[in-house]
Every structure is written in structure tokens, then in C-alpha cells.
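Visitor: this is a predicted model, with the sequence first.
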Amino acid sequence: MGSPTYERGRNNGERPHRVTVNPFFMGKYQITQEEYERVMETNPSLFRGSNLPVENVSWFDAIEYCNRRSQLEGLTPAYTINIFRVDLNNLNSTTRWLVTWNREATGYRLPTEAEWEYAAKGGDESPGAFLFSGTNIQSEVAWYAINSGSSTHPVGTKDANSLGLYDMSGNVWEWCWDWYGDYTAREQTDPAGAPVGSHRVIRGGSWYDSAAYIRSAARYFWIPSTWSTGIGFRIVRSALPENWTEFLLIR
């Protein structure tokens, strides 16, 4: 996880370190406006289209979507959301609801930053071999500042990476579970980010970003109670025996 010192566009927050992640299912696509509206009965997006990625969603919106969709499908919600308790680990946000993650739940959730990067780099297929998700040629896989025309695009219209995941580079940033913080040098299994923070991790870059930000190792952050036309999300589930056509098992 992270990037070598010679990688073009890297920053000091991408310190290389070894991480192990357990198997998980990941959505092939970013959550679309049609999917979001079906569950949440609202659509906050600026750029409208049923197959465009939803954007203008906060981290809390994404968490709530995961729980509501889990309940609709008879799954155990991954998160407990207590709007009456302040999250003392949240150092600076206008919304400080206490959100806890049940790792044993069967329901949908956001990926950890480690899961996200593992998947973006192709899992065991091509870890760290490419700058972007599946290639060194960004235009093959990404809608970004140079080719987006200043808007989002329908999901899945660029090439997938070696795992069949689309838009891991560009289109919209994707919320992760983690508080943003410095990487640790020690080996870890299934890390879940910094213990405290003021910003949640976003990964992948967006339609308005340069090539440096859509690299698989690139990291950025956002206040969890705020939103942007460049931020959406993708969902995962802990690995189960079922086989879903819309999800890919990453192992």
C-alpha cells in the first residue's frame, strides 16, 4: 500500500507499507443516481442522469444509504448511527453523530482505505504495477480534468481494471470508512484508519482532477458532514458464500 518515491505525482502521505486484507465483495460500479434514489427517495446530484454516479453526498449520507439498503434486502446493517451522541473521535465537523461499525454484519458498508487501494491496484493480479487503476494511460480508465468536459459520465463507460472494477480512477471521488491520518510503518491486517480525525478518506479522484489525483495510490480527505459535486461512493460487503452479479469478490 502506498507509492514508491519515484512515482509521478506522489506526495509524502503515501508512505509504502505492507497490508493484508481479508476477502470482501465490492460493487463493480460507483453508486448511481437511480440506485441512490430508489433507496433514499431523493437525489442531491448536480449532474442529472439515472446512470450517472450520485454526487453531492456527505459521508453520513453514504453511511445511511448502506444501512437503508441493507434493511431493504433483509441484511444486518453494518453501522449503528446514534444522532444523540457526540463522536469524541471526531475532532472538527458540524455533524458529529456517533457511528460504529459492526464488522460481523452481513450488510453493505463503505470500503476501508486499504480495501479500496487493494482493489484499485487489481488485488493479486497486478499490485502496484500501474499508476492508474489497470493501466498507465489514464484516458483508458478515467474521466478526469482533461477529458470529462467538466461533468460526470455514466458509470462503466471506461475500461475496467484487472478485477472488472470500473471508475476506480476518476469520475467521482469515493468515500471510505477511515479517518484520514498518516500511514504506519508496521505491517497490518484489515486496518481501519486513524483512531481520531477531522476528515474522512476519499479515494480515486474525480472529473475535475488532474492525473496526479486519480492514481491508485493517491489519497485525499474531506469533512464528513459536507459534500461536493466530485464526491460519490461505492459499496462493499464482507465475503459471504453467495454470488452476486453486481459484485465481485476481491481475494
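Guide: Happy to help now that I have it. Worth saying up front: this structure is predicted, and the values here are computed from it rather than measured.

Visitor: list the contacts of the residue nearest to Y36 when sequence neighbours are not counted.
Guide: Nearest-residue entry for Y36: V54, 4.1 Å, with adjacent residues in sequence omitted and distances by C-beta to C-beta, 6 or more residues apart in numbering. Every C-beta, even on glycine, is put in place using the N, C-alpha and C of the backbone. Taking C-beta atoms under 8 Å, 6 or more residues apart in numbering as the contact definition, V54 lies against Q30, I31, T32, Q33, E35, Y36, N43, P44, S45, G232, F233.

Visitor: run the last query once more with 7 Å
Guide: I31, T32, Q33, Y36, S45, G232 (C-beta atoms under 7 Å, 6 or more residues apart in numbering).

Visitor: the second one touches R48, doesn't it?
Guide: Translated: T32. No. Applying C-beta atoms under 7 Å as the test, T32 and R48 come out as separate, 11.5 Å apart.

Visitor: higher neighbour count, the two?
Guide: More crowded of T32 and R48, by other C-beta atoms under 10 Å: T32, with 20 against 9.

Visitor: where do the helices of the protein begin and end?
Guide: Secondary structure of the chain (DSSP state H): helices at 33-40, 59-72, 113-120, 138-141.

Visitor: buried stuff in the shortest one?
Guide: Pointing back at helix 138-141 there. Q138, V141 (16 or more other C-beta atoms under 10 Å).

Visitor: grab the CA positions of it and hand them over as CSV.
Guide: The C-alpha atoms that make up helix 138-141 are tabulated as CSV, following Å, rounded to 0.1, in the frame of the first residue of the first chain:
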residue,chain,number,x,y,z
GLN,A,138,-5.3,7.5,-17.7
SER,A,139,-7.7,8.2,-20.5
GLU,A,140,-8.3,4.4,-20.9
VAL,A,141,-9.9,4.1,-17.5
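
Visitor: residues making contact with that helix?
Guide: Under the contact criterion C-beta under 7 Å, 6+ apart, helix 138-141 has outside partners F132, S133, G134, T135, Y144, N147, K158, D159, N161, S169, A211, I214.

Visitor: with adjacent residues omitted, what lies nearest to the last one?
Guide: What that stands for is I214. With C-beta to C-beta, 6+ apart, the residue lying closest to I214 is G205, at 3.3 Å.

Visitor: dump the residue contacts of the one you found.
Guide: Taking C-beta under 7 Å, 6+ apart as the test, what G205 contacts is Y144, S169, G170, W173, Y213, I214, A218.

Visitor: columns neighbour count on top of those residues, output as a markdown table?
Guide: Listed next are those as a markdown table, based on neighbours: other C-beta atoms under 10 Å:
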| residue | neighbour count |
| --- | --- |
| Y144 | 23 |
| S169 | 32 |
| G170 | 31 |
| W173 | 29 |
| Y213 | 23 |
| I214 | 29 |
| A218 | 27 |
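
Visitor: coming back round to it: name the member of the contacts of V54 with the most neighbours.
Guide: Greatest neighbour count in the contacts of V54, by other C-beta under 10 Å, goes to G232: 31 neighbours.

Visitor: that one: what's it in contact with?
Guide: Residues counted as contacts of G232 (C-beta under 7 Å, 6+ apart) are Q30, I31, P53, V54, E55, V57, V172, E174.

Visitor: again, but for E117
Guide: Residues near E117 by C-beta under 7 Å, 6+ apart: M1, R203, S216, A217.

Visitor: identify the farthest-apart pair in those residues.
Guide: With C-beta to C-beta as the measure, no two of the contacts of E117 lie farther apart than M1 and R203, at 11.5 Å.

Visitor: ok so, going back, buried subset of the contacts of G232 as a ChimeraX selection?
Guide: Per 16+ other C-beta under 10 Å, the buried members of those correspond to this ChimeraX selection:
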select :30,31,53,54,55,57,172,174
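
Visitor: of the contacts of G232, which is the nearest to N22?
Guide: E174 (19.9 Å).
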